[in-house]
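Trainee: have a look at this prediction, sequence included:
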Amino acid sequence: MKLNGEQRRTIWPSADARSVRIIDQTKLPHALEIVELRTVDDAARAIKTMQVRGAPLIGATAAYGLALALRGDATDAGLVNAVAHLAEQRPTAINLKWALGIVRDGVAALPPHQRAARALDIAAEICDEDVENCRLIGMHGRELIRAIADKKRGGAVNILTHCNAGWLACVDWGTATSPIYHAHDAGIAVHVFVDETRPRNQGAALTAFELGQHGVAHTLIVDNAGGHLMQHGEVDIVITGADRVTAEGDAANKIGTYLKALAAHDNGIPFYVAMPSSTIDWTLGDGSTIPIEDRGADEVLYVHGLRENGSLGRVLIAPPNTPACNPSFDVTPARLITGLITERGVAPASRDGLLSLYPERARQRA
Ligand code: MRU
């Protein structure tokens, strides 16, 4: 990722490996603040308060958080408690539990005094793997964009994305944005419609920020504009990320994704979900069983931003104490998804499609 022209990642260990550093995403795009996580509680809080967010980055932070926990208490009980504490911070993105499982399984058989160092190495490996997987997603997705560009013969390919499934949601590159960055870097003209993504506005605050940093043409739209733009031929392809994809290809992503998929379907516009295999929950078939996070009424009642006096803060946009509900994710059924873009290639959103890319999962099931 490019941040003020510099190549950076979203999470990295300190030089003495006693802490981990993150970008505080609650302050973006108005302030770039680096936060140091020294304890498992720091890591848990960063996930809960969304200083870090996005499925792969939540997983990476949890992995480092477990390593920090084991520096203090590397007993079997310490390991179990830290995994449980970190896992409960956010319910929908499966990457959180996936990453914790990898670290736990990688250290459980070791004597306690070796566990923290090994956990730190595994967390670094999880990060490296995420960077490579997101890069590969970008290479595969770029070809979908190139095919549209070739057909259009002139003019930019118009891509609509929802929420932030960019490098800020991962360790680098992003999932939905990686095809966009790779297409842009390959000289394919692209333009991105960025949904604001109420209530937390990750599209406005984060996706618009990172596309700008990379020099990709983009336009911010209100969440309700996507269907209208699709009806008027302004959108060539929709690409979103996912927080959990079931073995049958149903995809949970930020609230509002389902409505974009419906509009894309009605208008014959390809709708792709980009995600690494760490986002697949092979234990679930039907997406209606995915736990949906409820983040509380305040996020609906208040909007955060930069005030005209230059201070960061929030403003109330409804009568005080208005009842509000805030489901944070929805599930797009596989039938509305044109394809899944993974690190191993593009597949139909179905069990057969996923198994064609991950045949080892069929063997495990048999
Ligand atoms: O609530 P958030 O900001 O963690 O939600 C993020 C999303 O919904 C992303 O689209 C998803 O995690 C994909 S991340 C590459």
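Mentor: Everything's here; your move. Numbering: from 1, shown residues only.
Trainee: check contacts around the residue nearest to the spatial centre of the chain.
Mentor: Of all residues in the chain, the one closest to the mean position by Cα atoms, centre = their mean is Gly54, 3.3 Å from it. Counting by Cβ atoms under 8 Å, 6 or more residues apart in numbering, Gly54 touches 93, 164-166, 168-170, 241. (Each C-beta comes from the backbone N, C-alpha and C, glycine too.)
Trainee: let's see that with 10 Å instead.
Mentor: For Gly54, the contacting residues are 10, 25, 60-61, 93, 95, 163-171, 174-175, 202, 206, 241, 243, 254, by Cβ atoms under 10 Å, 6 or more residues apart in numbering.
Trainee: and what of Asn133?
Mentor: Contacts of Asn133 (Cβ under 10 Å, 6+ apart): 56, 170-171, 173, 175, 178, 275-279, 342-344.
Trainee: can you tell me how far the residue nearest to the centre of the chain sits from Gly78?
Mentor: To Gly78, Gly54 is 28 Å away according to Cβ to Cβ, to the nearest Å.
Trainee: before we move on, the earlier item: any idea how far the residue nearest to the centre of the chain is from Gln231?
Mentor: In this view, Gly54 and Gln231 are 30 Å apart by Cβ to Cβ.
Trainee: try Ile269
Mentor: Counting by Cβ to Cβ, the gap from Ile269 to Gln231 is 10 Å.
Trainee: any common contacting residues for these two?
Mentor: With Cβ under 10 Å, 6+ apart as the test, Ile269 and Gln231 both reach Ala263.
Trainee: what about stretch 280-299, how long is it end to end?
Mentor: 28 Å (Cα to Cα, to the nearest Å).
Trainee: oh, I was asking about stretch 330-341
Mentor: First residue to last in stretch 330-341 (Cα to Cα) measures 19 Å.
Trainee: how far off centre is it?
Mentor: Relative to its parent chain, stretch 330-341 has a centroid offset of 16 Å by Cα atoms, centre = their mean, to the nearest Å.
Trainee: which residue is the nearest non-sequential neighbour of Leu355?
Mentor: Ala362 (4.8 Å; Cβ to Cβ, 6 or more residues apart in numbering).
Trainee: and Lys48, by the same measure?
Mentor: Closest residue to Lys48 apart from its sequence neighbours, by Cβ to Cβ, 6+ apart: Gln89 at 4.6 Å.
Trainee: isn't Asp266 right next to Gln231, touching?
Mentor: Yes. Using Cβ atoms under 10 Å, Asp266 is in contact with Gln231, at 8.3 Å.
Trainee: who in the chain is up against the ligand?
Mentor: By Cβ under 6 Å from any ligand atom, the residues of the chain that approach the ligand are 53-56, 93, 163, 165, 169-170, 174-175, 202, 241-243, 253-254, 328.
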